[in-house]
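Novice: using only what follows, build the 3D model:
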Amino acid sequence: MRYAAILLAFPIVAAQAATVPSRFEADRVFATPTTAKGEPLRLYTDTGGGMNLLCRDAAQRLDLPLEALPPDEEMEAELGGNLARTTLPSFAPAKGIPANANGDAHFLVHDCKGKSAASLGEGLLSQHWFAGRTWTWDYPAQRLSLETENWTPPRSARAVALGFKPAAGNAPAFHMPRITVRIDGKDIDLLLDTGATSSPTADALAAQPTPAPVNGARATSFVTKSTLDAWHAAHPDWPLVEKADDLFAPRFVARAIRVPDVDVAGWKTGPVWFTERPDRAFREFMSRMTDRPVEGALGGNAFAPFRMTLDYAHATAHFECLRGCASTPPPVP
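Specialist: Predicted coordinates for the structure are as follows:
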């Protein structure tokens, strides 16, 4: 089967992790495998993504066979019509990426349109790709690794539990990690979302010039409108940019607020900019896919100081702070 060739192109050595060919761009991470024919591919890695996607242009460039899919109103509302599926080609030795842990190598093929789609490269590796395994994002070193099954956390790492929504009845399990952090002295549940993306405006860049966007995009964190309003009311001194993100313009131009610090697994990091999203985007839509409601997402701009390992099998995240963090005392009961 084709996924066997994909796995063989990504050898897992028992004694050490396997480095995923990748690029870190403004704290956003792209897998960059090379096919057996020498063709490069550029796939966005997104722990908060719903399904593995491939742009039709990329499928045609790689001459991949396409299997037409029956009409699906829900998927077509999000991705457009004319959907198909395919599997990725074989990869060059040591330059590939693995299939999903369950062996499924299928990708949903769609027409990538608009600024949001353009920010994803040629496709997307989603929750299904990460599920069941252990991955390390070393943001300072700009390296993504697939760990071995016997991986153990280093002593300098601090652990925090992740939440996942299990299967129930006919509903499948979801692999969207929920993490609890502390902001302004209060616990808040967020989606752990390595794919959280902003398209910063000139106003946003004036307030936060670095990291410079790559291809018009950079990592961000998200928060609901209601929570952003509450933060702003309680802390008018926290910088706020009214027109900060135009990823979904003109339909929606988002505000952004600078939170001075975020407590992640006992590490205080910050400041962290949070980009506004409508309440329903998280309270209604994303919370359907997490084990309990989430009020936004923690993204790559918050992870930038860390070596972060997500152990999906044990529902645990491990954080090693490599720069600019402070240790925080445990909260008072």
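
Novice: how about stretch 284-300: buried residues?
Specialist: Within stretch 284-300, the residues that count as buried by 16 or more other C-beta atoms under 10 Å are 286-287, 289-291, 294-300. Every C-beta, even on glycine, is put in place using the N, C-alpha and C of the backbone.

Novice: show the average pLDDT along that stretch.
Specialist: On average, the pLDDT along stretch 284-300 is 97.

Novice: same deal with stretch 210-226?
Specialist: Averaging pLDDT along stretch 210-226 yields 96.

Novice: and the protein, what are its domains?
Specialist: Using automatic domain parsing, the domain parsing of the chain gives 2-146, 158-326.

Novice: turn those domains into JSON lines, including distance to Thr152.
Specialist: Output for these, formatted as JSON lines (distance: least, C-beta to C-beta, whole Å):
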{"stretch": "domain 2-146", "distance to Thr152": "10"}
{"stretch": "domain 158-326", "distance to Thr152": "10"}
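
Novice: then Gln60 would be within a helix, right?
Specialist: Yes. Checked against DSSP: H, G, I helix; E, B strand; the rest coil, Gln60 lies within a helix.

Novice: by mean pLDDT, show me the worst of the domains of the chain.
Specialist: Among the domains of the chain, domain 2-146 scores lowest, with a mean of 85.

Novice: which strand residues bridge Pro40?
Specialist: Beta-bridge partners recorded for Pro40 (DSSP bridges): Thr34.

Novice: then Ala18?
Specialist: Leu146.

Novice: these two touch, right, His110 and Leu83?
Specialist: Yes. Using C-beta atoms under 8 Å, His110 is in contact with Leu83, at 5.6 Å.

Novice: tell me which of the two has more neighbours.
Specialist: More neighbours surround His110 than the other of His110 and Leu83, with 24 against 19 (other C-beta atoms under 10 Å).

Novice: tell me the secondary structure at Ala302.
Specialist: For Ala302, the assignment made with three-state DSSP gives helix.

Novice: which parts of the stretch 201-333 of the chain are helices?
Specialist: Per DSSP state H, counting those that start in this stretch, the stretch 201-333 of the chain carries helices over the ranges 202-207, 225-234, 279-280, 300-303.

Novice: pull the residues that contact the last one.
Specialist: So the one you mean is helix 300-303. 27-29, 137, 139, 194, 196, 218-221, 262, 264, 269, 272-273 (C-beta atoms under 8 Å, 6 or more residues apart in numbering).

Novice: switch the cut-off to 10 Å
Specialist: Contacts to helix 300-303, defined as C-beta atoms under 10 Å, 6 or more residues apart in numbering, come from residues 24-29, 137, 139, 181, 190, 192-198, 208, 211, 218-221, 259, 262, 264, 269-275, 308, 319.

Novice: ok, now the first one?
Specialist: Here helix 202-207 makes contact (C-beta under 10 Å, 6+ apart) with 198, 200-201, 212-213, 218, 220, 239-246, 254-256, 258, 273, 275.

Novice: okay, now Gln60: neighbour count?
Specialist: 11.

Novice: same thing with Ala141?
Specialist: Neighbours of Ala141 using other C-beta under 10 Å come to 12.

Novice: isn't it right up against Arg323?
Specialist: No. Using C-beta atoms under 10 Å, Ala141 is not in contact with Arg323, being 11.0 Å away.

Novice: next up, the contacts around Gly195.
Specialist: Contacts of Gly195 (C-beta under 10 Å, 6+ apart): 28-29, 44-49, 119-120, 124-127, 219, 297, 299-300.

Novice: hmm, back to that, most tightly surrounded among the helices of the stretch 201-333 of the chain?
Specialist: Among the helices of the stretch 201-333 of the chain, ranked by average contacts under mean count of other C-beta atoms under 10 Å, first place goes to helix 300-303 (a mean of 26).

Novice: how about that helix as PDB, C-alpha atoms only?
Specialist: Provided in PDB are the C-alpha atoms of helix 300-303 (Å, rounded to 0.1, in the frame of the first residue of the first chain):
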ATOM      1  CA  GLY A 300       3.100  29.700  18.300                       C
ATOM      2  CA  ASN A 301       3.800  33.200  19.500                       C
ATOM      3  CA  ALA A 302       3.300  31.900  23.100                       C
ATOM      4  CA  PHE A 303       5.400  28.800  22.400                       C
END
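
Novice: tell me the secondary structure at the closest residue to His128 other than its chain neighbours.
Specialist: With C-beta to C-beta, 6 or more residues apart in numbering as the criterion, His128 has its nearest non-adjacent residue at 5.2 Å, and that residue is Asn100. The local conformation at Asn100, judged by three-state DSSP, is coil.

Novice: need the contact list for Asn100.
Specialist: Counting by C-beta under 10 Å, 6+ apart, Asn100 makes contact with 3, 6, 52, 106, 125-133.

Novice: swap in Leu310?
Specialist: 47, 130, 133-137, 147, 162, 177, 179, 192, 194, 316-318.

Novice: ok, now with 6 Å
Specialist: Counting by C-beta atoms under 6 Å, 6 or more residues apart in numbering, Leu310 touches 135, 317.

Novice: tabulate the helices of the stretch 201-333 of the chain in CSV, adding columns for distance to Pro93.
Specialist: Below are the helices of the stretch 201-333 of the chain laid out as CSV (distance: least, C-beta to C-beta, whole Å):
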stretch, distance to Pro93
helix 202-207, 41
helix 225-234, 48
helix 279-280, 47
helix 300-303, 30
